[in-house]
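In: sequence and predicted structure are below.
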Amino acid sequence: MVKWRSYAAITALATALFAGCATAVFAQVPGPGAAYVLLPAGTLKSVLAGDADKGPTPIPAFSMRVLPVTQGEFLRFVSKQPQWQRQNIALTFADASYLQDWQASLKLNNDTSALRPVVNISWFAAQAFCEDEGGRLPTWLEWEYAAAADATRTDARSDPQWLARILGWYARPASTAPAPVGGERNVYGVRDLHGLVWEWVDDFNSLLVSVDSRSQGDPDKLQFCGAGAISLQDRENYAVLMRIALLSSLKASDSTSSLSFRCVREP
Amino acid sequence: MNSICKVRRHLVTMALAFAALGLLGTLASAATTEPAALPKNSIYQLALPLTDQDGRNFTLAERRGQPVLIAMFYTSCQFVCPMLIDAIRITEARLSEAEHAHMTVLMVTFDPAKDSVAVLKSTSEKRELQSPHWTLARTDAKNVRKLAAVLGIQYRALPDGEFNHTTAMILLDADGRVVGRTSQMGSVDPAFLKLLKANIHATTP
C-alpha cells in the first residue's frame, strides 16, 4: 500500500516538474544568497518581562534576513528537500492547511505568488528552511528588537503615531493573500516586520502569555516551574502584544494564511 | 530553459524506471517482513539524538515498540520537577509487574548547559531511578526546542538559571504517537492510568 502511494507520488512529481518548465516560476526568484543585514548588539526593554528579568535585556549582535521568505524561495527549498513538500509532510510537522494556497506540491498559485511571503507554514518547516540556509529562526527578543525600529530610530515604540500606524495594519481584514515582499526599510535595513505578515520565532512556545498572565496566584501555577511568571510590561504596545498572543496560542505544526517567517544568522 | 527541461525529462524517465523497479522488488519480496512505516503523526518522525545518564547515545525512535511515559524537566529545579518524578512513580506503582516490564520512562532535560551526563547520573542515583527502565537524557538546545514543540510543552529560560515550563507527563503509544497527557501531580490521574494500561495491553501478546 505504502509503495503504491510513493509510486503515485513520483508520478505527481514528474507532472509538477513539467508544469514548472511551462510557467517558469523559478525565473523571478532572487538568487540563492538571500540578503541579510547586521543588527549591532544593544539592549531591549521587552514588552515581555517577568519579575526575574525586569530592566533592559542585552541582545547580542546578529544578522537578519532583509525580507520574509518568499513562496519562490520556499518552492526552491521543497524541490530540494521533498520531505517538506505538501504531499509528503509528516502530520507531526505540519497540519492539513500546510501550503494549502499552492496549486500543487511543487506549483505556486499564480505568476505573482513567487514574490509574496510564504504563508500556511508550520514552525518545523520554517526551522528546516532556515537551517538549510545556514541560519535559524530569530528568538522572540531578536524579532522584537528588530521590530522596535522605524526608518530613523532604533526604538520608536514610545511614539504614539508610529504605534498607531502599525496598529492600523491589524485592523485590515486578512482575507486576501499578502502583498509581495519589499516594504519600507527600517533603520537597520530590515523590511516588512510590520504590516505584511505574522512571523514565527524560534521560542514561540516560551511566551506562555495565554496561561501565565491569567494564572498568577491561582492553583494552576503548579503547572509552572521556575520563579517568575511572565507578565506584560508595556500594555500600550497592542500591535506587539497581539503577536505574542497569536504565537503563544500556536502549536508547532499549525499553519495559518497570514503566518510567515524570516531567518537570522550569527553575525 | 529547454536544456533544463530535457535534463528534467531524463531525470523523470529515470525516476519512473526506478519506481517501476521498486514496485517489482516489492512484489517479489512481499513475503519478507519489514518494519511498517512510522505513522505520519508519530513524534518519532523527529530525528532526535539523545544521550542517557550512562553516556550512551540513542535516538528517540529507538523507543518504538512499547509505550513510553515521556516528560521534560531539569535537575536544578527545586519544586515541580521532583514532584513530576514522584507523580510518575505513583502512577507506575499502580501497574502490575508484567505491565511495568512492557513500558519505559524517558525524561529529557530543558537545561543541557547544566545537566551533563554526570549530573543526570547523580540525579538518577539519588532518586533511585531504576535503569534501563527509567532514562534521564539530554540533547542540544536546538533539539530541546524541537522536542518541546512536538510534545506541546512551553518553556523559557529565566535569567536566574531557572526555567519556566509546563509540567506534563505524556503517554506515547508503541509507534510514538501522543495518546495522553496529564498535569496532575500529587495523586494518580485515573483516566491517564487507564490509558497507560490500555496501551500496554495493546502491545503485549
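Out: Looks like it arrived, so ask away.
In: contacts and neighbour counts: CA atoms only from here.
Out: Fine.
In: low-confidence ranges, the chain, go.
Out: Chain wasn't specified; assuming chain A. Residues of chain A meeting the criterion pLDDT under 70: A:1-32, A:49-54, A:173-175, A:208-236.
In: could you do chain B instead?
Out: B:1-34.
In: where do the strands sit along it?
Out: Here chain B has its strands, by DSSP state E, at B:49-52, B:57-59, B:68-73, B:104-109, B:134-138, B:155-157, B:163-166, B:169-172, B:178-182.
In: the stretch 151-267 of chain A now?
Out: Secondary structure of the stretch 151-267 of chain A (DSSP state E, counting those that start in this stretch): strands located at A:198-199, A:224-225, A:230-232, A:259-260, A:264-265.
In: distance of the spatially most central residue of chain B relative to B:Ile85?
Out: Nearest residue to the geometric centre of chain B (Cα atoms, centre = their mean): B:Leu60, 4.9 Å. Using Cα to Cα, to the nearest Å, B:Leu60 is found at 20 Å from B:Ile85.
In: just the helices in chain B please.
Out: Applying DSSP state H to chain B gives helices spanning B:2-28, B:80-92, B:97-101, B:117-126, B:141-151, B:190-203.
In: list the contacts for residue 169?
Out: Going with chain A. Contact analysis of A:Trp169 by Cα atoms under 8 Å, 6 or more residues apart in numbering or on different chains lists A:His194, A:Gly195, A:Leu196.
In: look at chain B instead
Out: B:Leu69, B:Ile70, B:Ala71, B:Leu84, B:Ile88, B:Arg181, B:Thr182, B:Ser183.
In: which of those residues tops the neighbour count?
Out: For the contacts of B:Met169, the largest number of neighbours (other Cα atoms under 10 Å in any protein chain shown) sits with B:Ala71, at 24 neighbours.
In: relative to A:Ile89, how far out is that residue?
Out: 26 Å.
In: how about B:Ala174?
Out: The gap separating B:Ala174 from A:Ile89 is 21 Å, by Cα to Cα.
In: got it, and A:Ala146?
Out: 32 Å.
In: those two: which is more packed in?
Out: The neighbour count for A:Ala146 versus A:Ile89, taken as other Cα under 10 Å, is higher for A:Ala146 (22 against 18).
In: restrict the helix or strand containing the more buried one to CA atoms and write it as PDB.
Out: For A:Ala146, the enclosing helix or strand under DSSP states H and E is helix A:140-147. This file holds the C-alpha atoms of helix A:140-147, laid out as PDB (Å, rounded to 0.1, in the frame of the first residue of the first chain):
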ATOM      1  CA  TRP A 140      11.300  36.500  20.200                       C
ATOM      2  CA  LEU A 141      13.700  39.000  21.700                       C
ATOM      3  CA  GLU A 142      15.700  39.300  18.500                       C
ATOM      4  CA  TRP A 143      12.500  39.800  16.500                       C
ATOM      5  CA  GLU A 144      11.100  42.400  18.900                       C
ATOM      6  CA  TYR A 145      14.500  44.200  18.900                       C
ATOM      7  CA  ALA A 146      14.500  44.500  15.100                       C
ATOM      8  CA  ALA A 147      10.800  45.400  15.000                       C
END
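In: which parts of the stretch 51-200 of chain A are helices?
Out: For the stretch 51-200 of chain A, the helices defined by DSSP state H, counting those that start in this stretch cover A:71-80, A:123-132, A:140-147, A:160-171.
In: how about the shortest one, which residues are buried there?
Out: The reference is to helix A:140-147. Buried residues in helix A:140-147, counted by 16 or more other Cα atoms under 10 Å in any protein chain shown: A:Trp140, A:Leu141, A:Glu142, A:Trp143, A:Glu144, A:Tyr145, A:Ala146, A:Ala147.
In: now swap in stretch A:109-128 and tell me
Out: A:113-128.
In: circling back to that earlier point, top of the contacts of A:Trp169 by neighbour count?
Out: Within the contacts of A:Trp169, neighbour counts (other Cα under 10 Å) peak at A:Leu196, which reaches 24 neighbours.
In: go ahead and confirm B:Ser42 touches B:Asp175.
Out: Yes: here B:Ser42 lies in contact with B:Asp175, judged by Cα atoms under 8 Å, at a distance of 6.4 Å.
In: and stretch A:150-162, how far apart are its ends?
Out: Start-to-end span of stretch A:150-162 (Cα to Cα) is 8 Å.
In: err, stretch A:243-253, not the other one
Out: Terminal residues of stretch A:243-253 are spaced 17 Å apart (Cα to Cα).
In: can you show me the CA trace of stretch B:159-175 as PDB?
Out: Extracted C-alpha coordinates of stretch B:159-175, given in PDB (Å, rounded to 0.1, in the frame of the first residue of the first chain):
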ATOM      1  CA  PRO B 159      18.000  35.000  33.700                       C
ATOM      2  CA  ASP B 160      18.500  33.400  37.200                       C
ATOM      3  CA  GLY B 161      19.000  29.900  35.600                       C
ATOM      4  CA  GLU B 162      15.600  28.600  36.400                       C
ATOM      5  CA  PHE B 163      13.200  27.500  33.700                       C
ATOM      6  CA  ASN B 164       9.500  28.400  33.400                       C
ATOM      7  CA  HIS B 165       7.800  25.400  31.900                       C
ATOM      8  CA  THR B 166       4.600  23.500  31.600                       C
ATOM      9  CA  THR B 167       4.800  20.300  33.600                       C
ATOM     10  CA  ALA B 168       3.200  17.300  32.000                       C
ATOM     11  CA  MET B 169       3.500  13.500  31.900                       C
ATOM     12  CA  ILE B 170       2.900  12.400  28.300                       C
ATOM     13  CA  LEU B 171       2.000   8.900  27.100                       C
ATOM     14  CA  LEU B 172       3.300   7.800  23.700                       C
ATOM     15  CA  ASP B 173       1.900   4.600  22.100                       C
ATOM     16  CA  ALA B 174       4.200   2.000  20.700                       C
ATOM     17  CA  ASP B 175       4.600   3.900  17.500                       C
END
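In: ok so, going back, which of the contacts of B:Met169 are close to chain A?
Out: Among these, the residues lying close to chain A (Cα under 8 Å from any Cα of the partner chain) are B:Ser183.
In: quick check, nearest of the contacts of B:Met169 to B:Thr104?
Out: Closest approach to B:Thr104 among the contacts of B:Met169 (Cα to Cα): B:Leu69, at 6.3 Å.
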